[in-house]
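*Asks:* For reference, the sequence and a predicted model appear below.
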Amino acid sequence: MSFLLPSLLWFAIAAAIPVAIHLLNRRRHQTIPWAAMQFLLKATRESRGKKKLRQILILACRTLALAALALAAARPVVSGLGGKVDTVVLVLDRSASMEAKPADGVESRRATVLAKVRDTMRALDIPRLVLVDSAGGAPQDVPSPDVLSELSATAATDTAADLPALVSKAAEFCADAKGRTEIWIATDLQASNWRPDDDRWANLRATLAAQPRKPAVRVLDLSGPAAPDASIRLLAATRTGDELAVEVEIARSDARPGTLPLTLQFNGSHTTEPLAVTGQSLRFRKSIPLPAGSEQGFGGLSLPADGNPRNNAAFFAYGPEQPVKSLVVAPPGEAADYLLLAAAPPEFARQSAVKIDPAQAAALPLADISSVLWAAPLPTGPAATALESFLANGGQVLFLPPGEASATAFLDVKWSAPGDAPSGKFFILKDWSHQDGPLRDGTDGNAIPAERLKAVRRQLPLGHATALASWDDAEPFLVRRVVDRGTAWFAATPPDYRWSNLGDADVLLPLVQRLVAAGADRFSASYLAELGSDTARLQPGETRVRLDAPGSADTAPDEAGVYRLGDRLTAVNRPLAEDAAETVTREQLDACLENTGYTHFEQAGKTSGPASRDFWRPVLAAMLVFLLTEALLCLPRRSSEPAPARGPQLDRGL
């Protein structure tokens with residue numbers, strides 16, 4: 001227990017006043033022997049012990065009441081930490097999701113926890129506070145808890161957080177610190193920031209276990225119900241001639257139909273239009289006319305401020321138009337023809353496709369290619385190395401069965417031996433992701449008629465990959481393997497009518513076109529970036545200048561906006577994962593911090609400090625109990641003997 005006003009504890013000396021008065025009163029009376037009183041004293045000697053006990057209880061109640069009053073005035077604080085703490089290392093999550101406001105609050109989660117940490121540090125009189133924030137990452141001393149909320153290292157950001165790395169840095173700092181240390185993790189438990197499956201949690205636990213004086217770990221949990229919120233994010237921006245098509249997604253915490261004002265900022269002007277939203281999410285494509293002859297430009301889309309102001313804006317930038325070129329690697333035949341047609345339909349003037357024979361794949365011409373459609377045995381040697389580099393730089397590759405089992409794997413995936421459907425039956429596509437991948441629903445909400453796909457022959461992709469579509473017997477049709485910025489896709493049947501009806505436009509055309517569009521985005525990647533990515537960082541010799549908000553801090557690397565980084569024009573947005581509502585479960589939290597003996601403080605909707613609470617009210621209640629008890633003991637006792645009978649009286653009139 002500690003005290004907010006310890007100087008008032010001196011008033012506890014007043015508890016000695018009743019004792020002093022009692023002793024003084026005893027000295028005021030002198031005992032004089034008197035023979036007639038001896039009989040009276042003998043009669044009352046038996047009840048003297050009870051009276052003395054009653055007087056002692058009255059004196060104790062008066063003394064304790066005064067002591068409790070002094071204790072309550074000193075504002076006692078009970079700590080959940082236990083013992084004296086020399087250093088607190090605060091791991092502060094400054095990610096964009098921490099700017100959400102609680103459902104019953106007006107301050108963001110970040111601001112709320114800073115106030116709680118300040119009050120607790122002050123109440124417990126902890127001498128040293130060290131900050132490890134998610135944007136900076138390096139431990140730094142805080143001169144005083146009172147200035148914690150005023151530091152630039154505790155301000156709001158649009159970044160993500162890497163909790164395994166942050167807590168590991170805090171643990172390393174505690175290993176060299178003197179005295180008793182504790183790690184306080186201020187977080188909203190967002191799963192994308194905690195990364196519960198990351199192997200670094202095991203390394204952290206080993207680091208803590210190896211320390212002679214293991215620091216205590218406290219999780220200050222800021223999760224819980226949040227205020228109503230709507231977020232906007234940019235999924236893609238593609239230039240076609242003098243038009244820029246931006247793909248946008250809006251997500252809301254409220255599923256009731258409503259209208260949101262959408263503001264477009266472009267070329268120094270602002271236009272606002274109502275946007276009808278019928279559910280929790282809406283994905284749409286917006287076309288923005290560009291000035292004639294415009295080589296570069298930028299702009300942004302925004303929603304009104306709400307429960308989290310950090311997710312109400314998305315920024316875009318564009319450069320010169322780039323042609324879209326695809327490469328088909330397949331032997332001559334029906335599959336190659338359909339792939340060429342799907343990659344560059346006659347009405348798509350911007351798109352083109354070339355075909356090469358698999359025998360020439362050792363020297364792939366990938367410099368200006370957006371996507372590769374590979375209907376041949378899996379690549380090996382120089383071709384495999386070239387494709388891995390192509391994928392790492394944002395390319396898209398669709399692999400289709402070659403007709404024979406794979407001798408080697410590519411990216412840990414290989415083909416099974418071909419399998420035929422039972423006589424008179426088909427393999428029918430049954431399940432596919434309507435929200436993710438190239439078979440997802442359109443921006444208008446209409447689904448691709450993928451159920452029309454039927455096959456009499458197939459080859460299954462085997463290995464470590466994520467399935468996004470499967471046949472009616474639960475075997476995979478389409479799997480995904482992400483490689484840095486790009487993606488490799490494996491489909492279980494080719495567009496060959498001896499195998500299936502994939503050559504129909506129902507499935508093949510949207511599948512290939514979406515891969516082509518995703519691959520083309522790699523050429524505009526220099527114009528779009530996420531905070532924390534390599535594209536958003538300054539390269540040697542570059543300087544940072546902000547363009548969308550003149551007068552703001554140009555050098556701030558943790559805010560979304562449009563920047564000129566040296567000669568590069570880049571629209572930097574918050575990471576998409578910051579909009580995910582998923583939080584780690586208690587079981588996952590236990591697994592991350594296993595054997596650390598951590599304490600979990602749930603902060604949602606609470607006003608007391610994160611690790612302490614005021615105790616003056618119970619002390620004041622105890623004082624009132626002592627005073628009431630003293631008053632009851634001071635009441636005169638009722639006599640248990642009956643009143644003497646009154647005898648006959650003379651009539652005064654006689």
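*Replies:* Nice, I can see it.
*Asks:* contacts and neighbour counts: CA atoms only from here.
*Replies:* Fine.
*Asks:* Tell me what residue 457 is bridged to.
*Replies:* According to DSSP bridges, the residues that bridge with residue 457 are residue 420.
*Asks:* Next, the buried residues of stretch 293-308.
*Replies:* Going by neighbour count (16 or more other Cα atoms under 10 Å), the buried part of stretch 293-308 is 297-303, 306-308.
*Asks:* With residue 270 as the reference, measure out to the closest residue to residue 301 other than its chain neighbours.
*Replies:* Nearest-residue entry for residue 301: residue 264, 4.7 Å, with adjacent residues in sequence omitted and distances by Cα to Cα, 6 or more residues apart in numbering. According to Cα to Cα, to the nearest Å, residue 264 and residue 270 sit 6 Å apart.
*Asks:* Who has more neighbours out of those two?
*Replies:* Neighbour count, other Cα atoms under 10 Å: between residue 264 and residue 270, residue 264 has more, with 20 against 12.
*Asks:* Enumerate every residue touching that one.
*Replies:* 270-272, 299-302 (Cα atoms under 8 Å, 6 or more residues apart in numbering).
*Asks:* Among those residues, which are located in strands?
*Replies:* If you go by DSSP state E, the contacts of residue 264 have 270-272, 299-302 in strands.
*Asks:* farthest-separated two in the residues you listed?
*Replies:* Across the ones in strands among the contacts of residue 264, the longest distance by Cα to Cα is 13.6 Å; it joins 272 and 299.
*Asks:* Return the set of buried residues in the helix or strand hosting residue 487.
*Replies:* Residue 487 belongs to strand 486-491 when assigned by DSSP states H and E. Using 16+ other Cα under 10 Å as the test for burial, strand 486-491 gives 486-491.
*Asks:* and the residue nearest to residue 301, what element?
*Replies:* Going by DSSP H and E, residue 264 is in strand 258-266.
*Asks:* That strand - what's its average pLDDT?
*Replies:* Strand 258-266 carries an average pLDDT of 94.
*Asks:* Following element in sequence after the strand holding residue 487, please.
*Replies:* helix 505-520.
*Asks:* which outside residues touch the next helix or strand after that next one?
*Replies:* Next helix or strand after helix 505-520 toward the C-terminus (DSSP H and E): strand 528-530. For strand 528-530, the surrounding residues in contact (Cα under 8 Å, 6+ apart) are 316-317, 535-536, 570-575.
*Asks:* in this structure, which helix or strand is least confident?
*Replies:* Ranked by mean pLDDT, DSSP states H and E, the weakest helix or strand in the chain is strand 612-614, scoring a mean of 52.
*Asks:* how about the CA coordinates for the helix or strand hosting residue 624, as CSV?
*Replies:* Here residue 624, judged by DSSP H and E, is contained in helix 616-634. In CSV, the C-alpha atoms belonging to helix 616-634 read as follows (Å, rounded to 0.1, in the frame of the first residue of the first chain):
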residue,chain,number,x,y,z
TRP,A,616,-9.6,5.6,1.1
ARG,A,617,-13.4,4.8,0.9
PRO,A,618,-13.1,1.5,2.9
VAL,A,619,-10.9,3.3,5.5
LEU,A,620,-13.5,6.1,5.8
ALA,A,621,-16.2,3.5,6.2
ALA,A,622,-14.2,1.8,9.0
MET,A,623,-13.9,5.2,10.8
LEU,A,624,-17.7,5.5,10.8
VAL,A,625,-18.0,2.0,12.2
PHE,A,626,-15.7,2.9,15.1
LEU,A,627,-17.6,6.1,15.8
LEU,A,628,-21.0,4.3,15.8
THR,A,629,-19.6,1.6,18.1
GLU,A,630,-18.2,4.2,20.5
ALA,A,631,-21.7,6.0,20.6
LEU,A,632,-23.5,2.7,21.4
LEU,A,633,-21.0,1.9,24.2
CYS,A,634,-21.6,5.3,25.7
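*Asks:* Low-confidence ranges, the stretch 501-650 of the chain, go.
*Replies:* For the stretch 501-650 of the chain, applying pLDDT under 70 flags the ranges 524-526, 550-556, 603-616, 637-650.
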